[in-house]
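Asks: when you get a sec, could you give me coordinates for this:
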Amino acid sequence: MKRAELVFVPAPGISHLVSTVEFARLLINRDERLSITFLVMKRPFDTKVDAYTQSLTSSFAAGRVRFIDLPGHKSDGDKPHPRSFFTTFIENKKPHVREEVSKLTESNSGPDSPRLAAFVVDMFCTTMSEVANEFGVPTFVFFTSGAAFLGLVLHTNTLRERDNVDSTEFKDSDTELEIPSFANPVPPKVLPALLTDKEWTSFAVNYEKSLKAAKGIIVNSFEELESHAIHSFSDSGYPIIYPVGPVLSLKGDYESGSHVKDDVIKWLDDQPESSVVFLCFGSRGAFDGDQVIEIARALEESGVRFLWALRKPPPKGTMAAPTVYDNLEEILPEGFLDRTAQIGKIIGWAPQLEILAHRAVGGFVSHCGWNSTLESIYFGVPIATWPLYAEQQLNAFLILELGLGVEIAMDFRVDFMSERNVVLGSEKIVKGIKDLMVEESEIRKKSKEMSEKSRSTLAQGGCSYSYLGKFIDDILCLI
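Replies: Numbers count the residues shown, from 1 in each chain. The predicted structure is shown next:
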C-alpha cells in the first residue's frame with residue numbers, strides 16, 4: 001500500500017495553527033494512507049501554542065501526526081513590524097525546516113515507510129517552497145482566508161503584469177474595481193493595506209508570485225458560500241483550487257479557562273432565545289477609551305441584551321496581544337455597569353465557539369476575521385460588520401454582498417500598530433445592532449440557510465467532501 005507523508009508548515013499564530021490542524025484532521029480521518037508532520041514555529045510573544053499542541057497528542061491516530069517545535073532565533077522578537085516579521089522571521093526558520101525534513105526522509109527510508117509527497121504551507125509561509133524544491137516535492141498552500149480574497153490577490157498581480165497598473169493608486173480612487181472573484185464591483189476603501197500601501201508593494205509582488213508558483217491552493221471556504229469566486233478560477237491559469245471548508249475547530253475555545261466558560265454559558269442559559277447580541281473583535285481586537293464609551297452608550301440606548309468581550313489594547317507601536325482590564329469602571333461610562341446589570345454581561349476572553357452555538361445568541365458584532373465569519377455562518381448567526389485590519393474590510397464587503405449581515409462599518413481600519421482611522425459614534429452602532437436583531441429578517445433567514453449548507457458540504461456527497469477527496473487523490477499520485 002502506497003503511503004504519503006505531508007510536511008505541514010503553519011504560520012506562527014494560534015488562529016492559523018488551529019485551522020491547519022483541523023484540516024490535517026480531515027485528511028487523517030479520510031484516508032489511512034496519509035501521515036503528517038507539523039513543523040511548528042512560535043512567536044516570542046505568543047504563549048498559547050505549546051499548550052494547544054500538547055493537548056492534541058491523544059486526539060490523533062497513533063504515529064500518523066507529529067508536532068515538532070522549531071528552535072527560536074535571537075532576532076525573532078527584534079523587529080515587530082509585520083513586514084519584517086513575515087520576511088525575517090520565516091527566513092530564519094528555513095534552516096530548521098531543512099534539518100527536520102532531512103531527518104524525516106532518513107527515518108522514512110524503509111520499504112514500508114511513507115514517502116515524502118509534498119509540503120503544505122500556510123498562506124504566510126509560501127517562501128518555504130524553496131525548501132520543498134530542495135527535496136524535490138511540490139508545495140500546496142493552505143489559504144486560511146476566503147476564495148474571493150484569494151482571487152483579488154491573484155488579480156492585482158494580473159493588473160500589474162498585463163496593464164502596468166500600480167495597485168497603490170487604488171487607495172485614493174473613487175472608481176470601483178471589477179474583480180473576477182466578486183460578483184459586484186469592489187470599492188477601493190475595502191482593499192487591504194497589503195495591496196494599497198507602497199511600503200507593502202515589494203512583499204505583495206513576491207507573495208502573489210509565490211502563490212502562482214504553488215502546485216495547488218487549499219482554501220478554507222466552500223462552494224455553496226463562495227460559488228462565484230470559486231467558479232471564477234476555472235480556466236484562469238492559476239494553480240488548482242481546493243475549497244474544502246468550513247475547516248473549524250468544533251471542540252471549543254482554546255484560550256478561555258473552564259471557569260470563564262461555565263460562567264458565560266450559565267448567564268446565556270438564563271436569556272431568551274436569539275435575544276443576545278455578542279460583541280467580539282478577535283484575538284487582536286481592542287479599542288481605546290473613547291471608542292469603548294461610544295460602544296457602551298450604543299448598547300445602553302439599544303436596550304438589547306448583550307455579551308461584550310472587552311479587552312485592553314496593547315501599548316502603541318507594538319504587536320502585543322490585548323489584555324484583560326483590571327477595573328472596568330475606569331474605562332466605561334459612570335454607572336454603566338449598574339444600569340445594564342439586568343441585560344448585559346462584560347467578559348475579557350470569550351469562549352467564542354460555545355457562545356455562537358448557544359440558542360440565546362441572535363447576532364454577532366464582529367471584526368469579520370475569516371475564522372469568526374465561518375463560525376458565525378456555521379451556527380447561523382447573522383453578523384454586524386466592524387472590520388479592523390488585514391483583509392477584514394473585504395470580508396465585511398463579502399458578508400454584505402451575500403446578504404448574511406448588516407453594516408456597522410465597512411472601512412473602519414486599525415493598523416498592526418493599533419493606530420485607527422476614525423471613532424464610530426454611538427448612533428451608527430445603535431442602528432447596526434437594531435438592524436441585526438430584527439426577528440424573522442431576511443438576513444436571519446439567509447444565515448440559517450447557509451448554516452445548513454456549511455454542514456452538508458462536509459458530508460459525503462457535498463462539494464467540500466469531494467474537493468477533499470480530489471486533493472487526497474492528487475497527493476497519492478505524487479508518490
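
Asks: doesn't Ile28 make contact with Ile36?
Replies: Yes - if you go by Cβ atoms under 8 Å, Ile36 and Ile28 touch, sitting 6.7 Å apart. C-beta here means a position set from N, CA and C on the backbone, and glycine is covered the same way.

Asks: which residues do those two both contact?
Replies: Arg64, Val65 (Cβ atoms under 8 Å, 6 or more residues apart in numbering).

Asks: now do the strands in the stretch 251-400 of the chain.
Replies: For the stretch 251-400 of the chain, the strands defined by DSSP state E, counting those that start in this stretch occupy 276-280, 305-309, 344-347, 361-366, 383-385.

Asks: name the helices or strands packed onto the shortest one?
Replies: What it means is strand 383-385. strand 361-366, helix 392-401, strand 405-407, helix 426-436 (3 or more Cβ pairs under 8 Å, 6 or more residues apart in numbering; DSSP states H and E).

Asks: following element in sequence after the longest one, please.
Replies: It stands for helix 426-436. Sequence-wise, the next helix or strand downstream of helix 426-436 (DSSP states H and E) is helix 442-456.

Asks: what angle do that next one and helix 426-436 make?
Replies: Using axes from the mean of the first three to the mean of the last three Cα atoms, to 10 degrees, the direction of helix 442-456 lies 60 degrees away from that of helix 426-436.

Asks: please save the CA atoms from the helix or strand following helix 442-456 in PDB.
Replies: Moving toward the C-terminus from helix 442-456, the next helix or strand (DSSP H and E) is helix 463-476. C-alpha atoms of helix 463-476 as PDB (Å, rounded to 0.1, in the frame of the first residue of the first chain):
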ATOM      1  CA  CYS A 463     -18.800  19.900  -2.500                       C
ATOM      2  CA  SER A 464     -16.100  20.200   0.100                       C
ATOM      3  CA  TYR A 465     -16.100  16.500   0.700                       C
ATOM      4  CA  SER A 466     -15.500  15.900  -3.000                       C
ATOM      5  CA  TYR A 467     -12.700  18.600  -3.200                       C
ATOM      6  CA  LEU A 468     -11.000  17.000  -0.200                       C
ATOM      7  CA  GLY A 469     -11.100  13.600  -1.900                       C
ATOM      8  CA  LYS A 470      -9.600  15.200  -5.000                       C
ATOM      9  CA  PHE A 471      -6.800  16.700  -3.000                       C
ATOM     10  CA  ILE A 472      -6.000  13.300  -1.500                       C
ATOM     11  CA  ASP A 473      -6.100  11.600  -4.900                       C
ATOM     12  CA  ASP A 474      -3.700  14.200  -6.200                       C
ATOM     13  CA  ILE A 475      -1.300  13.700  -3.300                       C
ATOM     14  CA  LEU A 476      -1.200  10.000  -3.700                       C
END
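
Asks: buried sites along helix 463-476?
Replies: For helix 463-476, the neighbour count (16 or more other Cβ atoms under 10 Å) marks Cys463, Ser464, Tyr465, Tyr467, Leu468, Phe471, Ile472, Asp474, Ile475 as buried.

Asks: Lys316: which of the residues you listed is nearest?
Replies: Closest approach to Lys316 among the buried residues of helix 463-476 (Cβ to Cβ): Ser464, at 41.5 Å.

Asks: point out where the stretch 351-479 of the chain drops to low pLDDT.
Replies: Across the stretch 351-479 of the chain, residues meeting the criterion (pLDDT under 70) sit at 415-421.

Asks: right, I'll call it a day here.
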